[in-house]
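> Provided below are the primary sequence and the corresponding predicted coordinates.
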Amino acid sequence: MAFIVLLVVLALLVFWFIGAYNKLIGLKNQVANAWKQIDVQLKRRHDLIPNLVNTVKGAMQFERETLEAVVSARNKAIQVQQAPGVSVSQTAAAESQLTGALSRLLAVVESYPDLKATGNVAQLQEELTSTENKIAFARQLYNDTATQYNTKQQQFPTNLVAGMAGASPAELWEITDVAERAVPNVDLSLGSPPPRTTA
Amino acid sequence: MADDFETANLFEQQEANRRRTRWLVFVFVAFFAWLGFGGDWILYELTRGAPPNAYRHSVPWFGLVLTAIGGLLAAFAWKAGPTRVLWSAGAREIETPDGAMETRLVNVVEEMAIAAGLPRPRIWLIADTDPNAFATGLDAEHAHVAVTEGLLLTCSRDELQAVIAHEMGHVKNLDVRLMTLLAALVGAVALMSDGMGRLLRGGVRFGAVTGGGSRGKRDKDLGPLVIVLVVLWLLSWLVAPFVTRLLALGVSRKREYLADAMSAQFTRNPLALASALEKIEHADAPTVSIKRGSAHLCIADPLGRQSSLHEGKVADWFGTHPPMAIRVARLKAMGYQQKKQLGEAIEATA
């Protein structure tokens, strides 16, 4: 009798172990997959920028610095993305530089009514809005999934299995830049040109 | 966010939808079997006392044939359900977006697919000026999202995003599987019942002619069992469409609240869905393109029925959708709570 009880308890333990182990592995893969999504969207953003720069370059000769800032931030972000073994925070830092440069460029574009009127810019505006949104949503999914994964490995009793499943805390994509926390304004279609501050 | 709670809820909902779909198919086929074998039984009872040379109904042909038909219909509904639903709404697929409106729609769907962590569904447009939307498909890998042109015209980008997120919620929950199958089966049953009604009217005349002659001999065999059977059997044919319709009403109400909550989770912007729902509600013309059979799939009742406005016993039975005012109120409550939580951050960056 006691033997049977022992056997049942043992069987239950084995089942629980398998369940917990597989749950952690599943979450780990989900986190990796969510990160891949971010990667795809970042690449999209990097590919879109030359297009944007070419479209506005002619009309914005006086804004060399702004344009160059965007281009160099993009090149740096690409370098970081392609380098092996970069951490989430390094990527986040490089991309937030790019976000900052982009929003400055878009603010300047606001003050060129002729430029805004061309169809190309309107199209580009939608593309850019969408890309920025996609990055934001991919990041949201990544952070949500990673938080779930981290919580699961710390919770008792799953934490007993975490070592065996090779689980380690996933790094979240923190938004460090306060300016980036606010929704970037990429609306090129409204308003009159603001007073020019630079010559 | 309470992630653990949400995932538990999600898995529960997916499992419930899988289970209900299996039940639906089972009940559907069983109902056909009853119609067939019930008829066989009645005929068997009627011909049991027949003289040796006369026809005796000993092989249950009706049962076998009707069960096979039921099975085939269910299989057809499963395989062709999504295409039938889209076809009946007159939807046109957007393969390469044409113009700013369509580009925006495609982008928004892609964004929401990312937020939901699902593959991008196929996108369909319905030429109708009333704003509405629905999702269909059997699983997340083969899902479809359809919106009316009216929705694209009335909603801002954020509102469109919230509506699409609501539909992605249905896809992720596997609501689409149950609701699509139900739509296809409701259609099949309505068709069958109409056809059978015609056959039955012919059959009664036929029975009156042939049954008349042998009646005297078999009078004592026609016991209460046969009469009850006949009554039940005929009733089943008549109530079939009503039962399936009631099923369709029952499944959709609660899941609208859940999909609203998932939309808020994906967009982190419950107020956008609230204002989208208000706009959809105020454009109170019915969505003509969407037929009664697929009404329960839509984000808002396409028929604009009054019962959807109230919560209560009668409304619970006859409305496919929960009252819009309550949905909007719930979303607004979420929005204000979120604002309160983020309150300081918003003030600091503004």
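It's in.
> Contacts only, for the closest residue to B:Gln13 other than its chain neighbours.
What sits nearest to B:Gln13 in space, not counting adjacent residues and going by CB to CB, 6 or more residues apart in numbering or on different chains, is B:Asn173, at 4.7 Å. Quick note: C-beta positions are derived from backbone N, CA and C, even for glycine. Residues near B:Asn173 by CB atoms under 8 Å, 6 or more residues apart in numbering or on different chains: B:10, B:13-14, B:17, B:255, B:258-259, B:262.
> Whichever of those end up buried, select them in ChimeraX.
Only the buried entries of these go into this ChimeraX selection, using 16 or more other CB atoms under 10 Å in any protein chain shown:
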select /B:10,13,14,17,255,258,259,262
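> nearest to chain A, of the contacts of B:Asn173?
B:Leu10 (11.4 Å; CB to the nearest CB).
> quick one: secondary structure of the closest one?
Reducing the assignment to helix, strand or coil with DSSP: H, G, I helix; E, B strand; the rest coil, the entry for B:Leu10 is helix.
> Do I have it right that it meets B:Lys172?
Yes: counting by CB atoms under 8 Å, B:Leu10 sits close enough to B:Lys172 to count as a contact (6.9 Å).
> Okay, now the unreliable bits of chain A?
Residue ranges of chain A with pLDDT under 70: A:60-62, A:117, A:119, A:176-199.
> quick revisit: filter the contacts of B:Asn173 down to just the ones in helices.
Per DSSP state H, helices hold the following members of the contacts of B:Asn173: B:10, B:13-14, B:17, B:255, B:258-259, B:262.
> Tell me where the stretch 151-300 of chain B is predicted with low confidence.
Scanning the stretch 151-300 of chain B for pLDDT under 70 picks out B:190-223, B:244-253, B:284-285, B:291-293.
> Which residues of it lie near chain A?
Counting by CB under 8 Å from any CB of the partner chain, the residues of the stretch 151-300 of chain B lying close to chain A are B:157, B:161, B:266, B:268.
> Would you format these as TSV with neighbour count and distance to B:Pro52 included?
What follows is those, written out as TSV (neighbours: other CB atoms under 10 Å in any protein chain shown; distance: CB to CB, whole Å):
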residue	neighbour count	distance to B:Pro52
B:Arg157	18	80
B:Gln161	27	76
B:Phe266	26	73
B:Arg268	15	80
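> any idea how far B:Asp175 is from B:Met262?
Between B:Met262 and B:Asp175 the distance is 10 Å, computed by CB to CB, to the nearest Å.
> which residues do these two both contact?
B:Gly169.
> Just give me the longest helix of chain A.
When every helix of chain A is counted residue by residue (DSSP H), the longest turns out to be helix A:2-57.
> for it, packing partners?
Judged by 3 or more CB pairs under 8 Å, 6 or more residues apart in numbering or on different chains; DSSP states H and E, the packing partners of helix A:2-57 are helix A:64-82, helix A:88-109, helix A:119-154, helix A:159-162.
> got these as CSV, with mean neighbour count columns?
Conversion of the helices and strands packed on helix A:2-57 to CSV gives the following (neighbours: other CB atoms under 10 Å in any protein chain shown):
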stretch, mean neighbour count
helix A:64-82, 16
helix A:88-109, 19
helix A:119-154, 20
helix A:159-162, 16
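> and of those helices, who's closest to chain B?
Evaluated over those, closeness to chain B peaks at helix A:119-154, with 3.7 Å, by CB to the nearest CB.
> Tell me which of the helices and strands packed on helix A:2-57 sits nearest to B:Ala75.
Proximity of these to B:Ala75 was assessed by CB to CB; the nearest stretch is helix A:119-154, lying at 35.6 Å.
> does any part of that closest one sit near chain B?
Yes: with CB under 8 Å from any CB as the measure, helix A:119-154 is seen reaching chain B through A:122-123, A:126-127, A:129-130, A:133-134, A:137-138, A:140-141, A:144-145, A:147-148, A:151.
> ok, back up a step: quick one: the helices and strands packed on helix A:2-57 as TSV, columns for distance to B:Leu118 too.
As requested, the helices and strands packed on helix A:2-57 are exported to TSV (distance: least, CB to CB, whole Å):
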stretch	distance to B:Leu118
helix A:64-82	24
helix A:88-109	23
helix A:119-154	10
helix A:159-162	28
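> Identify whichever of those helices lies nearest to B:Trp23.
Proximity to B:Trp23, assessed across the helices and strands packed on helix A:2-57 by CB to CB, is greatest for helix A:119-154 (30.9 Å).
> residue nearest the centroid of chain B?
Using CA atoms, centre = their mean, the residue of chain B that lies closest to the mean C-alpha position is B:Met179, 3.5 Å off.
> sorry, back to before: please compute how far the longest helix of chain A lies from its chain's middle.
The gap between where helix A:2-57 is centred and where its chain is centred comes out at 16 Å by CA atoms, centre = their mean, to the nearest Å.
> Give me the angle between it and helix A:64-82.
Going by axes from the mean of the first three to the mean of the last three CA atoms, to 10 degrees, helix A:2-57 is angled at 150 degrees with respect to helix A:64-82.
> what about the helices in chain B?
Counting by DSSP H, chain B has these helices, from start to end: B:3-47, B:61-88, B:99-116, B:149-154, B:157-173, B:175-218, B:224-267, B:270-282, B:313-318, B:324-349.
> before we move on, back to that, give me the angle between the longest helix of chain A and helix B:3-47.
On the basis of the same axes, to 10 degrees, helix A:2-57 is oriented at 110 degrees to helix B:3-47.
> low-scoring stretches of the stretch 1-150 of chain B, by residue?
Ranges of the stretch 1-150 of chain B meeting pLDDT under 70: B:1-8.
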